[in-house]
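Chemist: The amino acid sequence is not available; the structure is as follows:
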C-alpha cells in the first residue's frame, strides 16, 4: 500500500488550505495580489534553497549534454497563477469556495491528463466510475458554495 503518499497528499491539502488564509491576510497587508504572490514565492524559494542544501549538500548538476524542454519550466508560472488566483478570489468568496472550485478544476484537468498520459504520467483511461466521481465532486463543490 502507498499509505505514506496518501498521507503526504492529505498534508499537502491541509497546507494549501492554510496557505489560502495566510496569503489572503498578507494580501490585505500589502494591498497588492502580485506583491503578495511575490513574497510568498520568495519565502518559498529561500525555504527550498535551505532544504536542498541541508539534505543534498551538493551543487546541482545535470548530465552532460542534457537539455530541458521549454514547457518543463512552466511549473513555476502555473504556481503563480494558482497563488495569485487564490489571493484574489479567497477574500471575496471565502477559502472553502475558492478551494472547492480549484479542486473541481484540478480533478477535471487531472482526469484528462491521466486519460492521455500527458507529461509522461501513467495512463488511466476515463471510465464511468471516474466520470461519476468527478460529477459527485462537482456536486460537492455546488453544495459547498451554497449558503
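Modeler: Now that the structure is in, tell me what you want to look at. Computed from a prediction, not measured in an experiment: that's the story for all the values here.

Chemist: gap between stretch 78-88 and the chain center?
Modeler: On the basis of Cα atoms, centre = their mean, to the nearest Å, stretch 78-88 sits 9 Å off its chain's mean C-alpha point.

Chemist: What of stretch 75-95?
Modeler: Taking the mean of its C-alpha atoms, stretch 75-95 sits 10 Å from the chain's own mean (Cα atoms, centre = their mean).

Chemist: Please enumerate residues in contact with that stretch?
Modeler: With Cβ atoms under 8 Å, 6 or more residues apart in numbering as the test, stretch 75-95 has contacts from 17, 19-21, 23-24, 26-28, 33-34, 36-37, 40-41, 97-99, 101-102, 145. Any C-beta I mention is one placed from the backbone N, CA and C, and that applies to glycine too.

Chemist: Counting neighbours, which bits of stretch 38-48 end up buried?
Modeler: Across stretch 38-48, burial judged by 16 or more other Cβ atoms under 10 Å covers 39-41.

Chemist: Would you mind measuring from residue 44 to residue 103?
Modeler: Using Cβ to Cβ, to the nearest Å, one obtains 21 Å as the distance from residue 44 to residue 103.

Chemist: sorry, back to before: mind checking which of the contacts of stretch 75-95 are in helices?
Modeler: 17, 19-21, 23-24, 26-28, 33-34, 36-37, 40-41, 97-99, 101-102, 145 (DSSP state H).

Chemist: Now stretch 133-147: average pLDDT?
Modeler: Stretch 133-147 shows a mean pLDDT of 85.

Chemist: wait, I meant stretch 88-108
Modeler: For stretch 88-108, the mean pLDDT works out to 88.

Chemist: which residues touch residue 52?
Modeler: By Cβ under 8 Å, 6+ apart, the contact set of residue 52 is residue 60.

Chemist: what helix or strand does it sit in?
Modeler: Per DSSP states H and E, residue 52 falls inside helix 33-56.

Chemist: Could you give me the buried positions within stretch 98-108?
Modeler: Across stretch 98-108, burial judged by 16+ other Cβ under 10 Å covers 98-104, 107.

Chemist: what's the farthest-apart pair in these?
Modeler: Using Cβ to Cβ, the two most remote members of the buried residues of stretch 98-108 are 98 and 107, lying 15.3 Å apart.
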